[in-house]
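Novice: quick one, fold the following:
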Amino acid sequence: MPNPVLNSTPQFGTAEYGSSGDRCHLCQQPIGSVYYRIKDVMVCPSCADRVRTEGPRDTHAAYVRGVIAGIAAAIGGLIAYAVISIILQGWVISYMSFGVGWLVGTAMMKASGGVGGRRYQIAAVLLTYAAVSMAAIPIAFYFASERHERQAQHQNHQADEQQSDDSAQPATPAPQPRPRLTLGAWLARLAMLGLASPFLELKGNPFWGAIGLVILFVGIKIAWRITQGRSMEVFGPFNNAPQPAA
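Specialist: Okay, here's the model as predicted:
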């Protein structure tokens, strides 16, 4: 059964006063001369203390658990994004950003025990962006390999047709090989291209590139909202006095 304390909406615009018939929203015991508020419901002092002490706390261990789970979810989202994009041949795949944002945010909150906050939100935003943008790397490799295979087949076909003519022509010098990058430099360049891929799309196709950025922003916003965490702030104490007559 959903907790009405978590599902209610705060109302702080007007002052509210208790009455002799008021009861604690959590333990249902009558409220005495003092009460507290959690969102828009009244609670007794003992329940308010219990919420403060037993509620989720932001600790270094909770944050580390959340980030590790977020990284794992981001990797899973990256793989799923790339695989689905390859299967669908790139059609409308940007909407997968919504799922990646939800996956990262939900994983972080489950691992942290519901603890959220600004540093969780920043981590979720970075992981969501990295997962979506870096998915362009395996996608690009797959489609590049397909193009290379088609070109190789076409060149082989042309070479078979012109084999007799080529034997009569002087041999052309082989092209000079390009200097090879070190593994670290190659990986760094690959990572930079992947992270910049959402903006590089604007150069190739400004319309669809802009739409992709908007969809990516929505996915990031989903992760940001989820990692706010559960708010159980306790307000008070307040005097349980009868409402004054107008």
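Novice: how far does stretch 42-60 sit from its chain's centre?
Specialist: Stretch 42-60 sits 29 Å away from the centroid of its parent chain (CA atoms, centre = their mean, to the nearest Å).
Novice: same check, this time on stretch 127-147
Specialist: That offset, for stretch 127-147, works out to 17 Å (CA atoms, centre = their mean).
Novice: and this protein, what are its domain boundaries?
Specialist: Recorded structural domains for the chain (assignment: automatic domain parsing) are 4-56+232-239, 65-143+185-226.
Novice: let me have those in TSV, extended by mean neighbour count and mean pLDDT.
Specialist: (Glycine included, C-beta is placed from N, CA and C.) Output for the domains of the chain, formatted as TSV (neighbours: other CB atoms under 10 Å; pLDDT from 0 to 100):
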stretch	mean neighbour count	mean pLDDT
domain 4-56+232-239	15	72
domain 65-143+185-226	18	89
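Novice: quick one: contacts for Asp58?
Specialist: Asp58 makes contact with Val115, Gly117, according to CB atoms under 8 Å, 6 or more residues apart in numbering.
Novice: please settle this for me: is it part of a helix?
Specialist: No: assessed with DSSP: H, G, I helix; E, B strand; the rest coil, Asp58 is coil; it does not lie in a helix.
Novice: quick check: the gap between Leu193 and Glu201.
Specialist: Distance of Leu193 to Glu201, computed by CB to CB, to the nearest Å: 12 Å.
Novice: typo on my end, Gly114
Specialist: For Gly114, the distance to Glu201 equals 36 Å [CB to CB].
Novice: for this protein, what spans make up the helices?
Specialist: Assigned by DSSP state H, the helices in the chain fall at 4-7, 45-54, 60-87, 96-112, 118-134, 136-161, 163-168, 183-204, 206-226.
Novice: what is the last one packed up against?
Specialist: Just to be clear, that refers to helix 206-226. helix 96-112, helix 118-134, helix 183-204 (3 or more CB pairs under 8 Å, 6 or more residues apart in numbering; DSSP states H and E).
Novice: next: the fourth one.
Specialist: In this structure, helix 96-112 packs against helix 60-87, helix 118-134, helix 206-226, with contacts taken as 3+ CB pairs under 8 Å, 6+ apart.
Novice: tell me the centre residue of this structure?
Specialist: Gly101 (2.9 Å; CA atoms, centre = their mean).
Novice: and that one, what does it touch?
Specialist: Ala124, Thr128, Val218, Gly219, Ile220, Lys221, Ile222, Ala223, Ile226 are the contacts of Gly101 under CB under 8 Å, 6+ apart.
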